[in-house]
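**Q** pasted the sequence and its predicted model underneath.
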Amino acid sequence: MPSIEDIWADMKLDAKPKPATTGGGDLGKLSQKSGMAKKDSNKDVVETAELKVSVMNAKSVPGRGLMTMAATLSGGKDTEEDMQEGLDREIQLMTSSDQSQRRGALSRLLTLANDANCPPAVQRQAFQGLHVEVVKLVSDPVERLRDSALRVILAFLDALDAPSLGCALPLLLPTLLHRVGSLPPVEPAEEVRLLCMLVISRVLSLFGRRMGDYIDALDSICRSAFNDSHPLVRLEAGNIVSMLCRTLKVKMQQIVRVVPSRAGEDKHYRYGDMILALKPSLKHKHAKVRVAAVEALKACMLCGEKNLEVIEDLVCWQQPNVIPVWHFFNGGVYEDGQLVKPEERETQHNYLAILAADTSPSVRGCFLRMLADWMSSMHDRWDHESRLLPYLLNGLCDEVADIRAEAHACMERLGAVHEDEKENNDRDKQELRDFREYGHRSPAELNSAERWAARAQEPPFTQRPRLGARMVVRNNFKRLVPTLIRELNCWQSRTRRMSGQLLYYLTLYAEHWITCEGHVMLQAFIKSAQSSILMEREGDPEGADLLAQATRCAEALGMFVDPALWLPLLLPTVSGATDADVEQRAGCIAILSALCKGCSRSWLSQHADTIIHSLTQGPSDSPLVTSLLAQAAGSVATACRPLSADLQRSLSGFVLSLQVRAWKAGARVLPPPRDTEDKERYAGLVARGRDWKGVQLACWEALEAQG
């Protein structure tokens, strides 16, 4: 009588696949010799995109097991015994020690799952009968088999509905957690880790809220994936986190741990820990990964109700009068029972500033949409408005026109939300009521509307911003202006340029509400103009751009502030009554010219005589100051058109006196130069004051402005 070992050996021998009658030979040998396969047998080999491994096309294998079961069922015969026999045979092959047999069984199962003509009942019974063995093969020592097993699972996830697949979750999720849920991950192959993430994504999209029981496993897998070296793994992790926040918002708000501190107990929420894990992906070198990380960050923040600590961490904020204890100890301090040295601490970054200056337009656009969603939908958005608004307005300064339009659209959307906000302050409620119900307009409001109507179109500002957007900026204006004014006179040109641009757009939104800060802004503009003129005279090419930026900001201020408020600050220096040097006086005159250019006729005409009188009081031997005086006269003439007879007589006499001074200095240019070389040479405020010939050109332009 044969022993048990002999019987088991005979069963293994019978279970070995027979050679194919029309194929390229044994399945295992064909896979091993895939690199040397002949051209006539290539039709039996399928190359996978990631691993470039060969898998036998199961259609060339003679029908047995699953193939026989499917064919028999489609023929309408009695198949219960045949189906069970086929499943038992495939289970035996999947648990075989022979690699080729396991690979052949997976190949046939994959063909069955991808066969559109296969009855759903066969696919359902095959998956429910073989899912345990398939999931076990996810941990197979052979990389090709792990790849094939995950592809089989993906194929069945696409072919079957959720009720048919639920039996696999209790085994599938722990297996994936074991493979990719630790640091470093147990799974060594990057492509297999990507397939694991794709399986999780598909499972989450199918089962939705039923995945709440596995939130801890999903949390560990995603946090591990955000540190993966494969960019597509991080990309898929970001998509999974976004789905988790949409479908399992309550689970993401759970408290995962409580840390005792001097102030009490610090509660750490699940979404907060997830944000800490995804922060490195915000600086990833692939733009698609950064976009996915931004979307995940947006979704996580919208889950929380108390986001103060998270926002402060993202902007790298700390109290200015508080110094961390470890700054005083070079040897380090003990934290949680471990010695942490200064060089071992993680460098803090302002991630919002990094995203705002990202090199990819797609990332910057996604970042702006994220800010708009935060400021319109976040539970505690009122606490973070002043921190987030500068980054949203910074999009208006972007070099890409589409990003500027996106930022403007986000501001309009934010304004619409603010107008419908039930928790607005009393001032905003009253103004909205006056604006909507009574149509009340103050003189300053009427002037602002007139200035916007007369203003040249400057995309994306094709029309005046809506009232809600202006209110949002106005409510945060006083908090933002001091910092911008300080940076407007920074020693770095790039910082000065960016702060000037942001201050310009803040002025356009705040309109006449900048009056309280107008004197501080005006002094900063004058100082910036003075330093810019000095830079340009010393040969720095950035001086002209910075001077143009300062005059542009001053022009915007002149649109909305009454001249009676800013003329007393400028006229003493313009007239030469103070002991100012050439650059200081030139800066004041340049700012005065820009203010007059932006001011409305109804306001400026009341002070035109005073301005002309101050211009005539301080003759100068400097061609720079003289040319700027002529340009200021031209700005007054342009803003006050049509000119009265007395005003035209005063302006003409003043400009002619400047021409006489230039004539005496040797610049006898009549008529004014019109050739291209002279226009390029004297283009710019400071360039026209290079010599007396430029003064003559400025005088002729001032006379033409008078009509």
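**A** Yep, it's here. Numbering: from 1, shown residues only.

**Q** L145 - how many residues pack around it?
**A** When neighbours are counted by other Cβ atoms under 10 Å, L145 registers 20. In short, each C-beta sits where N, CA and C put it, glycine included.

**Q** ok, it - contacts?
**A** By Cβ atoms under 8 Å, 6 or more residues apart in numbering, the contact list for L145 reads 99, 102-103, 106, 137.

**Q** what does M375 give?
**A** With contact set as Cβ under 8 Å, 6+ apart, M375 has these partners: 381, 384-385, 388-389, 392, 414, 417.

**Q** sorry, back to before: among the contacts of L145, name the buried ones.
**A** 99, 102-103, 106, 137 (16 or more other Cβ atoms under 10 Å).

**Q** dump those residues into CSV; add pLDDT and distance to A453 as well.
**A** What follows is the buried ones among the contacts of L145, written out as CSV (pLDDT from 0 to 100; distance: Cβ to Cβ, whole Å):
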residue, pLDDT, distance to A453
Q99, 89, 79
R102, 90, 77
R103, 90, 75
L106, 91, 72
L137, 93, 72
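
**Q** ok but R257 is inside a strand, no?
**A** Yes: per DSSP: H, G, I helix; E, B strand; the rest coil, R257 lies within a strand segment.

**Q** list the ones among the contacts of L145 that fall in helices.
**A** The members of the contacts of L145 that map onto helices under DSSP state H are 99, 102-103, 106, 137.

**Q** with distance to N447 as added columns, please give these in JSON lines.
**A** Putting these into JSON lines (distance: Cβ to Cβ, whole Å) gives the following:
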{"residue": "Q99", "distance to N447": "83"}
{"residue": "R102", "distance to N447": "82"}
{"residue": "R103", "distance to N447": "80"}
{"residue": "L106", "distance to N447": "77"}
{"residue": "L137", "distance to N447": "76"}
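
**Q** in the stretch 351-500 of the chain, where is pLDDT below threshold?
**A** Filtered on pLDDT under 70, the stretch 351-500 of the chain yields the residue ranges 422-425, 436-440.

**Q** quick one on the thing from earlier: out of the contacts of M375, which two are the most distant from each other?
**A** H384 and V417 (14.5 Å; Cβ to Cβ).

**Q** which one of these two has more residues nearby?
**A** Counted by other Cβ under 10 Å, H384 and V417 do not tie: H384 has more neighbours, with 21 against 17.

**Q** isn't K527 up against I485?
**A** No: assessed by Cβ atoms under 8 Å, K527 is found out of contact with I485, at 9.4 Å.

**Q** what mean pLDDT does stretch 568-580 get?
**A** Per-residue pLDDT values across stretch 568-580 average out to 87.

**Q** how far does it sit from the chain's center?
**A** Centroid separation for stretch 568-580 versus its chain: 46 Å, with Cα atoms, centre = their mean, to the nearest Å.

**Q** list the buried residues of that stretch.
**A** For stretch 568-580, by 16+ other Cβ under 10 Å, it's 569-575, 580.

**Q** end to end on that stretch, go ahead and measure it.
**A** Stretch 568-580 has its terminal residues 16 Å apart, counting by Cα to Cα, to the nearest Å.

**Q** hmm, who's touching that stretch?
**A** By Cβ under 8 Å, 6+ apart, the residues outside stretch 568-580 that reach it are 519, 522-523, 526, 584-585, 588-589, 591-592, 595, 610-611, 614-615, 617-620, 632.

**Q** mind doing that once more with 7 Å?
**A** Applying Cβ atoms under 7 Å, 6 or more residues apart in numbering, the set of residues contacting stretch 568-580 from outside is 519, 522, 584-585, 588-589, 591-592, 614-615, 617-618.

**Q** so where do the helices sit in the stretch 451-600 of the chain?
**A** Counting by DSSP state H, counting those that start in this stretch, the stretch 451-600 of the chain has helices at residues 467-488, 493-510, 518-537, 542-560, 563-574, 582-598.

**Q** looking at these, which is buried most?
**A** Compared across those, helix 582-598 shows the largest average neighbour count, a mean of 25 (mean count of other Cβ atoms under 10 Å).

**Q** contact partners of it?
**A** Outside helix 582-598, the residues within contact range by Cβ under 7 Å, 6+ apart are 525-526, 529-530, 533-534, 547, 551, 554-559, 566, 570, 573-574, 576, 604, 622, 624-625, 628-629, 631-632, 635-636, 638-639, 685.

**Q** what does stretch 125-141 give?
**A** Stretch 125-141 has contacts (Cβ under 7 Å, 6+ apart) with 66, 83, 87, 90-91, 94-95, 102, 106, 109, 112, 145-146, 149-150, 152-153, 156, 160, 164, 167-168, 171-172, 175, 179.

**Q** select only the buried ones of those in PyMOL?
**A** The PyMOL command for the buried members of the contacts of stretch 125-141 (criterion: 16+ other Cβ under 10 Å) is given here:
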select buried, resi 66+83+87+90+91+94+102+106+109+112+145+146+149+150+152+153+156+160+164+168+172+175+179
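
**Q** quick one: low-confidence residue ranges for the chain.
**A** 1-80, 82, 260-264, 336, 422-425, 436-440, 669-690, 707.

**Q** tell me, what residue is most central in it?
**A** The centre of the chain sits closest to F367, judged by Cα atoms, centre = their mean, with a distance of 2.1 Å.

**Q** contacts only, for that residue.
**A** F367 touches 294, 355-356, 358, counting by Cβ under 7 Å, 6+ apart.

**Q** want to try JSON lines for these, with secondary structure and distance to G272 as columns?
**A** Output for those, formatted as JSON lines (DSSP: H, G, I helix; E, B strand; the rest coil; distance: Cβ to Cβ, whole Å):
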{"residue": "V294", "secondary structure": "helix", "distance to G272": "17"}
{"residue": "L355", "secondary structure": "helix", "distance to G272": "19"}
{"residue": "A356", "secondary structure": "helix", "distance to G272": "22"}
{"residue": "D358", "secondary structure": "coil", "distance to G272": "24"}
